[in-house]
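Visitor: quick one, structure for this:
(2 chains)
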Amino acid sequence: MSDTDNMAGVKWTARMDLSDTLVDEGEPIFASAIIDGCDPTGFAYRFNWTLDGGGEGGSSGKPQLDFQWGFVPPHRGKFLITVDVFDLDESTVSVSRWVTVGKPEEFTRPPLPSPDTPTVVAVNDVSMVFNIASEQFNSLKEYFIAAARHELKFKEFRALDHINFEVKRGEAFGLVGTNGSGKSTMLKIIAGVLEASEGTCTVTGSIAPLIELGAGFDTELTAKENIYLNGALLGYRKEFIDEHFDDIVEFAELADFMEMPLKNYSSGMMARIAFAIATITEPDILIVDETLSVGDFLFQQKCERRIRELIETDGVTVLLVSHSIDLVERMCDRVCWIEKGSMRMCGPTDDVCAAYKNMNR
Amino acid sequence: METHKTEQELTGLSQPATDTTVEHSQEQSAWYPTSKRDRSIIAQLVSKDFKLRYRRSVLGVAWSVLNPLLMMIVMAAVFSSFMRYNDPSIGNYPLYLIVGNTLFNLVSEATNGGMGSIVTAASLLKKIKINRYVFPVQKVLSAVVNYLFSLIAVAIVMIFFQIPPSPVILLLPIPLLMVTVFCIGLSLLLAAAAVFFRDVMHLWGVVMTAWLYATPIFYPITILPDWLAAFENFNPMYLFITYFRDLLLWQQMPTLSLNIRCLIISLASLAIGIFVFHKNERKFILYI
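Guide: This is a model prediction of the structure:
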């Protein structure tokens, strides 16, 4: 019955047929093995998939007689599909082919919003004035001495000067500027942490702030306890965290460290947890501030992929603040450039980024 | 669409979204409505404080019971040998001590925690929009939780001296609520003051010490000169302690006058606290 001669190697060859090598996200891929050179009756097949660069993968399980198999890739990316063919003498032949899901490298920025798109963030003539001297009175004595000398008039420092812009729903909006130019102050006003001295800032919808990862973590608590604490601070329902706890852990890839106090974590590990919590849901507005700079490159890619996913979701508006002009150029449709507290330019990414780069030279 | 509407009304940080797709509304349920959000934050913070308090101690939460007991033993030993208070109006001296001392500790712990709460939460307040009152209130509630454990110590003393409780003990939640309200008001006031002048935090320790000696906690009120005894009628600490002693030690109905005074003091404290805190809270962020 045997068609193969083990001493001389296998006499048959295998190839793999794929339903498509380029599929959209969420679409299934069907693979079928084709055997040439013999009658494949009784052959067993096992299909595997791995993500380009490793990390994720799966298989159809034990070798089975079924030579066809289908699966839905979990997300965008390049996947290697492999089939292992076992003949009756336990000889094995493996064949692999690549499948690209959703053209990840050709991510397009969201289109410029049409005029009738609803506004989610309206920054209307916002100015922020800090009284520089006010920082210095930390004790009653100093205060009264200064009061007695009539030195209580403060020097004014305008961190933001008459800023105006609107962010529409579904946009990825970038804020650029050099250090100390007021970007973070602007973000804090949008996030509702600071109150503008003049002007108004109207925000519609829920905000997930990624202003500084891990704000509100208590390092004495375990990672698990911190997930619940941080979730509560962000306003999540407890039941919601219960439901998505496994997703958070899986995204952070820290399943083995959940019972460890956070003080034993590295800053990268902490950032993973924080990012996972903040992006587990789809907020109306996601604020991202320089958070991608922590964590290893693999995790950075993962974060970027997650932010892109959110950008592509229609309802989510992303506000991105970064020194990394590359990141802003890759992701945002419009950019606002703030320099020394005043708005230099606001418009389509290419125009603003070109001007910003010229200034840097 | 109807469920979608209600979802929207429930959510919203500042304003409900003007239009949201139906699929979106499912995600919206991830958030608490604004009113419930504060409660869940307070609950999480209180449970955090509780977990951390005795983490890595062998006896753990038992310390909340043991601590007041040991304190009482020390004080009873010291004061019953050095100063002999043979005032029959005191009743059982150890019980007299522990009731007063635990309540004083509640006020002390609540106000100290509440006072520093805004300054301590600075890193959080600078990054996430959270209602600021959450922090002082949470510290007071943490202290109340701790106090509930020390009531077990009080019960142990009552069992040890075979003092059966009388039905008035059922009124205990009333003074407890009033003390909590009093502490919340005081903490809001102190927290706001501490933001602008850190000196308050140092000064408060002195005030608490003075308050400890000015209140008949380990001595009977009868040893005070008349003018001081009159002052005690307006000392909140003494009034609350008297209320608790009425219920636990002397087992009598607190007088109407005592009830009214306690109520007025706690409400006044809350009103002043809220007023001062609310008036200044917008400026906090610039000083922390």
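Visitor: hey, let's count contacts and neighbours off CA atoms from now on
Guide: Noted.
Visitor: count of neighbours near the closest residue to A:Cys38 other than its chain neighbours?
Guide: Distances taken as CA to CA, 6 or more residues apart in numbering or on different chains put A:Trp12 closest to A:Cys38, at 5.9 Å, once the chain neighbours are dropped. Other residues lying near A:Trp12 total 15 when counted by other CA atoms under 10 Å in any protein chain shown.
Visitor: tell me how far A:Trp12 lies from A:Gly42.
Guide: 14 Å (CA to CA, to the nearest Å).
Visitor: now swap in B:Val74 and tell me
Guide: Counting by CA to CA, the gap from B:Val74 to A:Gly42 is 86 Å.
Visitor: and A:Ser324, by the same measure?
Guide: Counting by CA to CA, the gap from A:Ser324 to A:Gly42 is 57 Å.
Visitor: same check, this time on B:Met237
Guide: From B:Met237 to A:Gly42 the distance is 88 Å (CA to CA).
Visitor: who's more crowded, those two?
Guide: B:Met237 (24 against 12).
Visitor: checking that one next. Helix, strand or coil?
Guide: State at B:Met237, reduced to three classes by DSSP: H, G, I helix; E, B strand; the rest coil: helix.
Visitor: enumerate every residue touching it.
Guide: Counting by CA atoms under 8 Å, 6 or more residues apart in numbering or on different chains, B:Met237 makes contact with B:Phe104, B:Thr215.
Visitor: likewise for A:Val85?
Guide: Neighbouring residues of A:Val85 by CA under 8 Å, 6+ apart: A:Ala14, A:Phe43, A:Ala44, A:Tyr45, A:Arg46, A:Thr92, A:Val93, A:Ser94.
Visitor: so what sits opposite it in the bridge?
Guide: Counting by DSSP bridges, A:Val85 forms beta bridges with A:Tyr45, A:Val93.
Visitor: and A:Gly268, what helix or strand is that in?
Guide: Using DSSP states H and E, A:Gly268 sits in helix A:267-278.
Visitor: that's a strand at A:Asn124, yeah?
Guide: Yes: counting by three-state DSSP, A:Asn124 is located in a strand.
Visitor: surely B:Ala76 and B:Tyr96 touch.
Guide: No: between B:Ala76 and B:Tyr96 there is no contact under CA atoms under 8 Å: 9.8 Å.
Visitor: between these two, which has more neighbouring residues?
Guide: Higher neighbour count among B:Ala76 and B:Tyr96: B:Tyr96, with 26 against 19, using other CA under 10 Å.
Visitor: name the SS class of the more buried one, please.
Guide: helix.
Visitor: hang on, it packs against B:Arg245?
Guide: Yes: counting by CA under 8 Å, B:Arg245 is a contact partner of B:Tyr96 at 7.0 Å.
Visitor: excluding sequence neighbours, find me the nearest residue to the residue of the stretch 1-150 of chain B found nearest chain A.
Guide: Closest approach between the stretch 1-150 of chain B and chain A, counting by CA to the nearest CA: B:Trp31, at 4.4 Å. Among residues not flanking B:Trp31 along the chain, A:Tyr236 sits closest, at 4.4 Å (CA to CA, 6+ apart).
Visitor: strands of the stretch 201-350 of chain A, start to end?
Guide: Secondary structure of the stretch 201-350 of chain A (DSSP state E, counting those that start in this stretch): strands at A:207-210, A:285-289, A:317-321, A:334-339, A:342-348.
Visitor: try the stretch 1-150 of chain A
Guide: According to DSSP E, counting those that start in this stretch, the strands that the stretch 1-150 of chain A contains are A:13-18, A:22-23, A:29-36, A:44-51, A:57-59, A:68-71, A:77-86, A:92-101, A:119-131.
Visitor: looking at those strands, which has the lowest confidence?
Guide: The stretch with the lowest average pLDDT out of the strands of the stretch 1-150 of chain A is strand A:22-23, scoring a mean of 77.
Visitor: low-confidence regions, the chain specifically.
Guide: No chain was given, so I picked chain A. A:1-10, A:53-54, A:102-108, A:132-138, A:146, A:149-154, A:211-214, A:290-295, A:360-361 (pLDDT under 70).
Visitor: let me rephrase: I mean chain B.
Guide: Scanning chain B for pLDDT under 70 picks out the ranges B:1-28, B:83-86.
Visitor: the domain parsing of it - what is it?
Guide: Listed by automatic domain parsing, the domain ranges of chain B are B:1-31, B:34-287.
Visitor: for chain A, same thing?
Guide: A:6-106, A:119-126+A:163-360.
Visitor: buried deepest among those domains, which one?
Guide: Mean neighbour count (mean count of other CA atoms under 10 Å in any protein chain shown) peaks for domain A:119-126+A:163-360 among these, with a mean of 19.
Visitor: of all of the stretch 151-288 of chain B, which residue lies closest to chain A?
Guide: B:Phe197 (5.1 Å).
Visitor: please verify my assumption that that residue contacts A:Leu140.
Guide: Yes: using CA under 8 Å, B:Phe197 is in contact with A:Leu140, at 6.0 Å.
Visitor: okay, those two: which has more neighbours?
Guide: B:Phe197 (19 against 14).
Visitor: what separates the more buried one from B:Gln252, distance-wise?
Guide: For B:Phe197, the distance to B:Gln252 - CA to CA - is 44 Å.
Visitor: what residues of stretch B:134-144 count as buried?
Guide: Within stretch B:134-144, the residues scored as buried using 16 or more other CA atoms under 10 Å in any protein chain shown are B:Val134, B:Phe135, B:Pro136, B:Val137, B:Gln138, B:Lys139, B:Val140, B:Leu141, B:Ser142, B:Ala143, B:Val144.
Visitor: ugh, wrong one, I meant stretch B:200-218
Guide: Buried positions in stretch B:200-218, judged by neighbour count with 16+ other CA under 10 Å: B:Val200, B:Met201, B:Trp204, B:Met208, B:Trp211, B:Leu212, B:Ala214, B:Thr215, B:Pro216, B:Ile217, B:Phe218.
Visitor: which SSE is the fifth one in?
Guide: Looking back up the chat, that one is B:Trp211. helix B:199-214.
Visitor: near chain A, anything from that helix?
Guide: Yes: applying CA under 8 Å from any CA of the partner chain, one finds helix B:199-214 touching chain A at B:Asp199.
Visitor: now do that helix: everything it contacts.
Guide: A:Asn138, A:Ser139, A:Leu140, B:Phe104, B:Ser108, B:Asn112, B:Met115, B:Gly116, B:Leu190, B:Ala193, B:Ala194.
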